[in-house]
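Novice: Dropping the sequence and predicted coords here.
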Amino acid sequence: MKFKNQHRMLVSFGAYFLVVCPNCSGKAKVISLGAPSPYITGITRRFFCSECGSHKEFVPRKNCYNEAVIRYSKNWEEGYINIGGPFDWFFGYSLYLQIPCCGQTLWAYNLEHLEYVESYVAAELREDHPYYLSVESRLPAWMKSAKNRHDVLKAIGKLKIKESGLIKS
């Protein structure tokens, strides 16, 4: 199987996030009540848990150019959009889809993101020269390594079962 670079950036998977509810530890969602792009201002983002009914809203800060303030960091900071780790961009809640794998943590924002990573990892042939900001170019070396392929795909399979609700975390 061959993976054809689609040059998708991480932000293209930010339409919604599956997160761990901070109140009941169940599966919850963070969604956008408008365009999913984190760069657009004035759009409310909502957290809600269908298991316990918990909910919260967030409207990102703006800078002097009327742009959402975005930080590319592994450390979540309130009031800003924080892209770059195993948490949602708006509230900083832990992602529901994460699992230990090969001494690291494999994570995905949602099922679409997980399946994209799976298609890349499963491919024995991959196109050269991915776009420098694409998901495939930014995956860590341990996920890209052929020697870890089986373990990474096994972990992805476990996350897909978890997401479907057949097993609880």
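Specialist: Thanks, I have the structure now.
Novice: from here on, contacts and neighbour counts on C-alpha atoms
Specialist: OK.
Novice: Identify the residue nearest the residue nearest the centre of the chain in space, chain neighbours excluded?
Specialist: With the centre of the chain defined as its mean C-alpha position, the nearest residue by CA atoms, centre = their mean is Tyr109, 2.3 Å away. Nearest-residue entry for Tyr109: Phe17, 5.0 Å, with adjacent residues in sequence omitted and distances by CA to CA, 6 or more residues apart in numbering.
Novice: Could you pull up the mean pLDDT of the helix or strand encompassing the one you found?
Specialist: Phe17 is part of strand 16-20 when elements are defined by DSSP states H and E. Along strand 16-20, the predicted confidence averages to a pLDDT of 96.
Novice: what's the next helix or strand after it packed up against?
Specialist: As assigned by DSSP H and E, the chain's next helix or strand after strand 16-20 is strand 27-32. Under the contact criterion of 3 or more CA pairs under 8 Å, 6 or more residues apart in numbering; DSSP states H and E, strand 27-32 touches strand 16-20, strand 45-48.
Novice: Quick one: name whatever helix or strand follows the shortest one.
Specialist: Sequence-wise, the next helix or strand downstream of strand 45-48 (DSSP H and E) is strand 55-58.
Novice: May I have that next one as PDB, with CA atoms only?
Specialist: Presented in PDB, the C-alpha positions along strand 55-58 are these (Å, rounded to 0.1, in the frame of the first residue of the first chain):
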ATOM      1  CA  HIS A  55     -20.600  22.200  29.600                       C
ATOM      2  CA  LYS A  56     -18.400  25.300  29.200                       C
ATOM      3  CA  GLU A  57     -17.900  28.000  26.500                       C
ATOM      4  CA  PHE A  58     -14.800  29.800  25.300                       C
END
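Novice: Need the contact partners of it.
Specialist: Contacting residues not belonging to strand 55-58 are listed as 44-49, 90-91 [CA atoms under 8 Å, 6 or more residues apart in numbering].
Novice: now swap in stretch 3-17 and tell me
Specialist: Applying CA under 8 Å, 6+ apart, the external contacts of stretch 3-17 come out as 29-32, 36-38, 88, 95, 109-110, 112-113, 119-120, 123-127, 130-131, 133-136.
Novice: send the alpha carbons of stretch 20-27 over as CSV?
Specialist: Listed in CSV are the C-alpha atoms of stretch 20-27, where the atom choice follows Å, rounded to 0.1, in the frame of the first residue of the first chain:
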residue,chain,number,x,y,z
VAL,A,20,-11.8,13.4,28.8
CYS,A,21,-14.4,15.1,30.8
PRO,A,22,-12.8,16.8,33.8
ASN,A,23,-15.9,16.0,36.0
CYS,A,24,-16.8,12.4,35.2
SER,A,25,-13.7,11.1,33.2
GLY,A,26,-16.1,10.1,30.4
LYS,A,27,-15.8,10.8,26.7
